[in-house]
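Chemist: predicted model follows, preceded by the sequence.
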Amino acid sequence: MVNITDKIKDKLARLRAQLLEPAPGAGSGGGSGFDVSKSGDARIALVGFPSVGKSTFLSKITKTKSEVAAYAFTTLTAIPGVLEYGGAEIQVLDLPGIIEGAAEGKGRGRQVISAAKTSDMIVMVLDATKRAEQRALLEGELEAVGIRLNRDPPNIYLKPKKAGGMKITFQAPPKILDEKMVFNILRDYKLLNCEVLVRDEYATVDDLIDVIMKDHRKYIKCLYVYNKIDSISVEFLDELAREPNTAVMSCELDLGIQDVVDRCWEELRLIRIYTKRKGVEPDFSEALIVRNGSTIENVCDQVHRTLKETFKYALVWGQSARHVPQRVGLGHVVADEDVVSIVAK
Ligand SMILES: Nc1nc2c(ncn2[C@@H]2O[C@H](COP(=O)(O)OP(=O)(O)OP(=O)(O)O)[C@@H](O)[C@H]2O)c(=O)[nH]1
Ligand SMILES: [K+]
Ligand SMILES: [Mg+2]
């Protein structure tokens with residue numbers, strides 16, 4: 001006789017088996033991620049091998065409870081949670097574990113990586129008790145689908161043209177590329193008419209390809225987080241903590257969690273703007289959240305879609321102001337914790 005529990009177990013087993021198979025159309029196509037709409041001021045994706053503690057971490061930092069268990073592929077889909085920080089709401093996506101070969105569609109990996117590609121930041125959760133190669137392996141999987149971690153776009157200018165052939169210029173004598181190589185690559189990508197200016201003397205073939213394929217590349221901040229430090233030696237812990245862009249934690253012992261959250265906030269570089277009405281003290285209880293590099297125009301858009309139309313000037317107090325208050329236009333770039341007063345026509 002089959003009881004209900006067996007039926008559920010059977011269903012789960014089938015779902016898990018699916019996770020280990022390529023998704024329909026995976027391998028060649030893009031894979032579209034999971035159907036979770038973006039919300040809040042930014043999105044962080046939790047990426048890692050199975051059972052490193054991604055769901056445990058999500059449950060610690062948000063009110064969402066994502067299933068935690070000792071077996072691989074406990075999480076079967078993207079589970080969104082909301083992290084509240086400094087007046088901002090950050091969406092944190094708990095994702096199924098990915099395995100080697102994910103980029104080729106193994107284990108629904110493509111779907112997971114596509115979801116990661118939509119994020120503003122990746123938190124790569126690693127198991128401090130597991131082999132060191134896990135980090136490079138995961139990086140390789142993300143690289144393979146065009147994600148570039150903690151890197152800037154290559155310093156190469158490329159402009160496709162309608163006619164006129166190729167114009168290739170090097171700002172300084174190149175150390176790795178040469179004109180023939182650039183010519184051949186451009187030809188391979190059928191860019192027969194274009195202008196190229198290589199500004200970085202150390203630019204590589206891969207850099208040039210990244211620039212050619214720029215619509216398929218995404219430059220994302222990544223924080224490497226080693227979990228389960230309760231189970232390693234102090235010496236090894238010290239070694240891990242010294243790696244660049246790295247934090248260490250133990251979800252089990254509640255160690256280092258706040259540090260990871262603080263580091264995420266720093267890396268996201270979100271900006272809090274306090275608005276002020278004329279003759280009234282600024283309202284510090286509620287911040288407008290804009291992205292790093294935002295202008296007064298972006299601030300206006302955040303307040304109301306049509307505010308720009310009646311905009312006359314803005315007064316700014318804070319780090320971005322040369323003197324306080326500074327009278328500025330729509331193009332003024334704001335800084336974290338600026339106070340802004342918008343004056344309408
Ligand atoms: N020792 C130790 N175990 C932990 C820690 N954090 C989580 N775990 C355990 O690790 C196991 C896996 O945790 P999950 O949160 O399910 O891991 P996951 O990465 O979400 O796993 P998948 O969804 O299967 O990919 C569970 O048994 C947790 O209790 C930790 O800091 N230390
Ligand atoms: K698990
Ligand atoms: Mg999980």
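Modeler: In hand now; what should we look at? Ligands and ions are numbered 1, 2, ... in the order given.
Chemist: tell me the residues of the chain that contact ligand 1?
Modeler: 48, 50-56, 68-70, 72-75, 96-97, 227-228, 230-231, 250-252 (Cβ under 6 Å from any ligand atom). For the C-beta atoms, the positions are set from N, CA and C on the backbone; glycine is no exception.
Chemist: next step: those restricted to strands.
Modeler: residue 227 (DSSP state E).
Chemist: which ones among the residues of the chain next to ligand 1 come in contact with ligand 2?
Modeler: Contacts with ligand 2 within the residues of the chain next to ligand 1, counted by Cβ under 5 Å from the ion: 51, 74.
Chemist: give the buried subset of the residues of the chain next to ligand 1 as a ChimeraX selection command.
Modeler: One line in ChimeraX is enough to select the buried ones among these; burial here means 16 or more other Cβ atoms under 10 Å:
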select :48,50,51,52,53,54,55,56,68,72,73,74,75,96,97,227,228,250,251
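Chemist: low-scoring stretches of the stretch 51-200 of the chain, by residue?
Modeler: Where the stretch 51-200 of the chain drops to pLDDT under 70, the residues are 105-107.
Chemist: apply 80 and report the result again.
Modeler: Counting by pLDDT under 80, the stretch 51-200 of the chain contains low-confidence residues at 100-108.
Chemist: for ligand 2, what are the nearby residues on it?
Modeler: Going by Cβ under 5 Å from the ion, the residues of the stretch 51-200 of the chain near ligand 2 are 51, 74.
Chemist: recalculate using a threshold of 6 Å.
Modeler: Neighbours of ligand 2 within the stretch 51-200 of the chain, by Cβ under 6 Å from the ion: 51, 69, 71, 72, 74.
Chemist: for stretch 233-250, the averaged confidence score.
Modeler: For stretch 233-250, the mean pLDDT works out to 95.
Chemist: apologies, that question was intended for stretch 263-280.
Modeler: 93.
Chemist: stretch 292-299 too?
Modeler: 95.
Chemist: any idea how far apart the tips of that stretch sit?
Modeler: End-to-end distance for stretch 292-299: 12 Å, by Cα to Cα, to the nearest Å.
Chemist: so how far is that stretch off the chain centroid?
Modeler: Relative to its parent chain, stretch 292-299 has a centroid offset of 20 Å by Cα atoms, centre = their mean, to the nearest Å.
Chemist: surely residue 168 meets residue 180?
Modeler: No. Assessed by Cβ atoms under 8 Å, residue 168 is found out of contact with residue 180, at 9.6 Å.
Chemist: who's more crowded, the two?
Modeler: Neighbour count, other Cβ atoms under 10 Å: between residue 168 and residue 180, residue 168 has more, with 18 against 9.
Chemist: residue boundaries of the helices in this structure?
Modeler: For the chain, the helices defined by DSSP state H cover 4-19, 54-61, 109-117, 133-144, 179-188, 205-212, 234-241, 257-268, 296-303.
Chemist: so which of those comes closest to residue 281?
Modeler: helix 296-303 (18.0 Å; Cβ to Cβ).
Chemist: which outside residues touch the closest one?
Modeler: Residues lying outside helix 296-303 but in contact with it, judged by Cβ atoms under 8 Å, 6 or more residues apart in numbering, are 273, 275, 288-291, 307-308, 311, 314, 316, 328-332, 334, 340, 342.
Chemist: repeat for stretch 277-288
Modeler: Contacts for stretch 277-288 (Cβ under 8 Å, 6+ apart): 86-88, 272-276, 299, 302-303, 317, 339, 341, 343.
Chemist: repeat that for 10 Å
Modeler: 41, 86-88, 270-276, 294, 298-300, 302-303, 315, 317-318, 334, 336-343 (Cβ atoms under 10 Å, 6 or more residues apart in numbering).
Chemist: keeping just the C-alphas, turn it into PDB.
Modeler: Listed next in PDB are the C-alpha coordinates belonging to stretch 277-288 (Å, rounded to 0.1, in the frame of the first residue of the first chain):
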ATOM      1  CA  ARG A 277      10.700  70.600   2.400                       C
ATOM      2  CA  LYS A 278      11.300  74.300   2.600                       C
ATOM      3  CA  GLY A 279      11.300  75.600   6.100                       C
ATOM      4  CA  VAL A 280      11.000  72.100   7.600                       C
ATOM      5  CA  GLU A 281      13.600  69.800   9.100                       C
ATOM      6  CA  PRO A 282      14.600  66.900   6.800                       C
ATOM      7  CA  ASP A 283      12.900  63.600   7.400                       C
ATOM      8  CA  PHE A 284      15.600  61.200   8.500                       C
ATOM      9  CA  SER A 285      13.100  58.400   9.200                       C
ATOM     10  CA  GLU A 286      12.600  57.600   5.500                       C
ATOM     11  CA  ALA A 287      15.300  57.500   2.900                       C
ATOM     12  CA  LEU A 288      15.000  57.400  -0.900                       C
END
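Chemist: if I pick the residue nearest to residue 163 when sequence neighbours are not counted, what's in contact with it?
Modeler: In space, and not counting its chain neighbours, residue 163 is closest to residue 193: 5.4 Å by Cβ to Cβ, 6 or more residues apart in numbering. Residues near residue 193 by Cβ under 10 Å, 6+ apart: 159, 160, 161, 162, 163, 164, 165, 166, 167, 186.
Chemist: residue nearest the centroid of this protein?
Modeler: The chain has residue 121 as the residue nearest its centroid, 2.3 Å off, counting by Cα atoms, centre = their mean.
Chemist: quick check, it in contact with residue 264.
Modeler: Yes. Using Cβ atoms under 10 Å, residue 121 is in contact with residue 264, at 6.5 Å.
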